[in-house]
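In: for reference, the sequence and a predicted model appear below.
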Amino acid sequence: MVTGTSDSPQRPTDAYARLAHLLHTPTRDPEVLLARVYKELLARESRAYAAGWSDALTEVRRARLGRSRG
């Protein structure tokens, strides 16, 4: 469930543009290209994971606040 509480630093189009840029950057070594893409994907996965936890914690806080008022 996406609550919209996380502020994503990049929009999906920015992400696609960044990956497209990485894929179109000239390199003589395919392993360098794979390493660049892998590093970018890991960074995005880490941000998404953190955003998910932030959303979940916000929902728990809202639920607790709602129960304490009721």
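Out: Looks like it arrived, so ask away. Numbers count the residues shown, from 1 in each chain.
In: buried set for the worst-scoring helix or strand of the chain on mean pLDDT?
Out: Here the helix or strand of the chain ranked lowest by mean pLDDT, DSSP states H and E is helix 12-24, holding a mean of 83. Residues of helix 12-24 classed as buried by neighbour count (16 or more other C-beta atoms under 10 Å): none. C-beta coordinates here come from the backbone N, C-alpha and C atoms, glycine included.
In: just checking, which helix or strand succeeds it along the chain?
Out: Note on helix 12-24: by DSSP states H and E, the next helix or strand toward the C-terminus is helix 30-69.
In: counting by contacts, list what that next one packs against.
Out: Applying 3 or more C-beta pairs under 8 Å, 6 or more residues apart in numbering; DSSP states H and E, we find helix 30-69 packed against helix 12-24.
In: roughly how far does Arg67 sit from Lys39?
Out: 43 Å (C-beta to C-beta, to the nearest Å).
In: how about Val60?
Out: 32 Å.
In: contacts only, for Pro30.
Out: With contact set as C-beta atoms under 8 Å, 6 or more residues apart in numbering, Pro30 has no partners.
In: now the residue nearest in space to the middle of the chain: how far from Ser68?
Out: Nearest to the mean C-alpha position of the chain, by C-alpha atoms, centre = their mean, lies Ala48 at 3.1 Å. Separation of Ala48 from Ser68 (C-beta to C-beta): 31 Å.
In: Pro26 too?
Out: According to C-beta to C-beta, Pro26 and Ser68 sit 59 Å apart.
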